[in-house]
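[1] predicted model, plus sequence, below.
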Amino acid sequence: MIPRTSRLQRRSFLGLGMAGGLALWADPLQAELKPARAKNILLVYEQGGLSHLDTFDPKPTSPAEHRSPYQPIATSVPGIQFTELCKNISRVAHKLSVVRSMYHKNGAVSGHPDGTRYALSGEVPGGPLEMPDIGSIVSQVQGTACQYLPGYIMVPGNHEQAAEAKNGFLPAAYKAFKTGGKDLSDANWSVPNLGLMAGIREDRFKNRRDLLSNLNIGLAPAVNSPDKTQVELSNQAADLLTNPKTQEAFRIQEESDDLKEKYGRGHRGQCYLLGRRLIERGVRFVTVDVREPETSVTPGGFNMNWDHHDLIYADGSCGTIRNKAGGEGRYGIGHWVMMGSTDQAFAALIEDMDERGLLEETLVILATEFGRTPRMNKFQGRDHWAHAYSHLFAGAGVPGGQVIGASDRDGGFVAEKPFLPEDVAATIYHKLGFDREQPIYTSSNRPVFLAHGGKPIEGLV
């Protein structure tokens, strides 16, 4: 299956008022598919390196000077414990599979940009080809079940490493559509420029489309030719800009007040809620990548990801000046804008999707690019650590209430059943029914096998 050209003729853009990050999408390409357990993927990507030791892999017997102050608590599954920072997620543990044995070979991919590329693509960055995001590949092969929305959407798509989302060797039609938005809890938030340009009435736009159709009379492009694809993309772009359902899909203001409260009224909660809303409408692959914004009640919180090099257990700000190990701009992991909001939003997401019947056919993953060091540094923080960390999985036939793999006594190295990001990618493709023995092709007809170095994670499939 060879990707089609996604270029449009210049005249096809007359009257279109689209955001700079908007990618058009083409019809799905034919691929060998097997029976699937998942129709959709919802990837919750918490960027920065979430500490597994303080959340899903507690180590109460590690040396006192390096031990997390957050105590283990029981979950809804006897024998499985999280830390007290996960009191809400603990109540849905029976819906989750916890993989405590994620790692990178030799801990080699331990920087944020490369770590994000690795997590989003399932391939070690730096190879002879720039690999696309998993979401881009899924969008190419399967398209979208919702014809008025792209097949791959990122909410909001503006975190510190958001530029690492790539369509790689695939046409631009398959890149992530990023909603943008500093604070989705703002009642006035909307996706910018998702409509016709100011002054362009819908009837005028339709007249221009009719003119374009008349100009194209007699071209009769061949099936699967670039010209035919251009016409298809033009029609799809027009549908995007004029279909009222498109804007409605992003209108989280229409969700009930009770549900907004359940997810959490902050930015993170509303991003998670929008993720569910898009899945419900049939978007094939949704990535939620989020950090709470700096507000009047969180001064100094200008980069609230999980990169806790300094003062990880601070009650408030970890600092605003780069005078320690580079961890300024965030709050301590126990603060509500950090793990508090995450704990609330993720538990609400799992319960809400389960109640709506969406969990049955949606694979939900909570991921991060790596974990944190088992030893505290001199600045009372934890540094990057790719030798052991954790992911959460739910839905699409994933058995709930289980732990897969294990790290050692201090959480420093994988002790049982090691898994790589390639294995996560293979799991996603397996759940969607992809035949990974069939390649996809670059524009120069080079075959590329999906997650060729990975295998579906035992216990999840």
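    Structure received.

[2] now do the SS call for residue 396.
    Look at residue 396: counting by DSSP: H, G, I helix; E, B strand; the rest coil, its state is coil.

[3] now do the same contact list for it.
    By CB atoms under 8 Å, 6 or more residues apart in numbering, the contact set of residue 396 is 37-38, 359-363, 431. Glycine gets a C-beta too; all of them are placed from N, C-alpha and C.

[4] which ChimeraX command selects the buried ones in those?
    Of those, the buried ones go into a single ChimeraX selection, burial set by 16 or more other CB atoms under 10 Å:
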select :37,38,359,361,362,363,431
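
[5] just checking, which of the contacts of residue 396 belong to strands?
    Counting by DSSP state E, the members of the contacts of residue 396 that fall within strands are 362-363.

[6] ok, of the contacts of residue 396, which one's closest to residue 142?
    Of all the contacts of residue 396, residue 38 has the smallest distance to residue 142: 10.5 Å, by CB to CB.

[7] let me know the pLDDT of the closest one.
    pLDDT, residue 38: 97.

[8] can you pull the pLDDT of residue 240?
    pLDDT at residue 240 comes out at 66.

[9] let me know the next secondary structure element after the host helix or strand of residue 141.
    Per DSSP states H and E: residue 141 is located in helix 134-142. Using DSSP H and E, the helix or strand that follows helix 134-142 in sequence is strand 152-156.

[10] convert that next one to CSV, retaining C-alpha atoms only.
    Provided in CSV are the C-alpha atoms of strand 152-156 (Å, rounded to 0.1, in the frame of the first residue of the first chain):
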residue,chain,number,x,y,z
TYR,A,152,-5.5,11.6,14.3
ILE,A,153,-6.1,14.5,16.8
MET,A,154,-3.9,15.8,19.6
VAL,A,155,-5.5,17.6,22.5
PRO,A,156,-4.1,20.3,22.8
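
[11] list the strands paired with whichever helix or strand comes after that strand, with their directions.
    Using DSSP H and E, the helix or strand that follows strand 152-156 towards the C-terminus is strand 177-178. If you go by DSSP bridges, strand 177-178 pairs up with strand 152-156 (parallel).

[12] can you give me phi and psi for the spatially most central residue of the chain?
    The centroid of the chain falls nearest to residue 287 when counting by CA atoms, centre = their mean (2.5 Å). For residue 287, the backbone dihedrals (degrees, to the nearest 10) come out as phi -110, psi 120.

[13] mind starting the numbering at 52 from now?
    Yes, from this point I'll number from 52; that puts the last item at residue 338.

[14] quick check: beta-bridge partners of it?
    Here residue 338, judged by DSSP bridges, has bridge partners residue 94, residue 205.

[15] contact partners for it?
    Counting by CB under 8 Å, 6+ apart, residue 338 has contacts 94-96, 171, 184, 186, 203-206, 208, 216, 227.

[16] need those residues in JSON lines with pLDDT, neighbour count and distance to residue 192, can you?
    Listed next are the contacts of residue 338 as JSON lines, based on pLDDT from 0 to 100; neighbours: other CB atoms under 10 Å; distance: CB to CB, whole Å:
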{"residue": "94", "pLDDT": "98", "neighbour count": "23", "distance to residue 192": "17"}
{"residue": "95", "pLDDT": "98", "neighbour count": "24", "distance to residue 192": "22"}
{"residue": "96", "pLDDT": "98", "neighbour count": "21", "distance to residue 192": "21"}
{"residue": "171", "pLDDT": "98", "neighbour count": "29", "distance to residue 192": "17"}
{"residue": "184", "pLDDT": "98", "neighbour count": "27", "distance to residue 192": "13"}
{"residue": "186", "pLDDT": "98", "neighbour count": "29", "distance to residue 192": "11"}
{"residue": "203", "pLDDT": "97", "neighbour count": "30", "distance to residue 192": "11"}
{"residue": "204", "pLDDT": "97", "neighbour count": "29", "distance to residue 192": "16"}
{"residue": "205", "pLDDT": "98", "neighbour count": "28", "distance to residue 192": "18"}
{"residue": "206", "pLDDT": "98", "neighbour count": "30", "distance to residue 192": "22"}
{"residue": "208", "pLDDT": "95", "neighbour count": "20", "distance to residue 192": "21"}
{"residue": "216", "pLDDT": "97", "neighbour count": "25", "distance to residue 192": "18"}
{"residue": "227", "pLDDT": "96", "neighbour count": "28", "distance to residue 192": "15"}
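
[17] could you dump those to JSON lines with distance to residue 460?
    What follows is those, written out as JSON lines (distance: CB to CB, whole Å):
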{"residue": "94", "distance to residue 460": "31"}
{"residue": "95", "distance to residue 460": "29"}
{"residue": "96", "distance to residue 460": "29"}
{"residue": "171", "distance to residue 460": "32"}
{"residue": "184", "distance to residue 460": "36"}
{"residue": "186", "distance to residue 460": "37"}
{"residue": "203", "distance to residue 460": "40"}
{"residue": "204", "distance to residue 460": "41"}
{"residue": "205", "distance to residue 460": "38"}
{"residue": "206", "distance to residue 460": "38"}
{"residue": "208", "distance to residue 460": "39"}
{"residue": "216", "distance to residue 460": "37"}
{"residue": "227", "distance to residue 460": "40"}
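
[18] ok, so of these, who is nearest residue 428?
    Scanning the contacts of residue 338 for proximity to residue 428, where the rule is CB to CB, the winner is residue 96, at 25.0 Å.

[19] and the closest residue to the closest one other than its chain neighbours, how many residues sit next to it?
    The shortest distance from residue 96 to any non-neighbouring residue, by CB to CB, 6 or more residues apart in numbering, is to residue 340 (4.5 Å). Each residue near residue 340 was counted by other CB atoms under 10 Å, and the total is 25.

[20] now residue 340: how far from residue 95?
    The gap separating residue 340 from residue 95 is 8 Å, by CB to CB, to the nearest Å.
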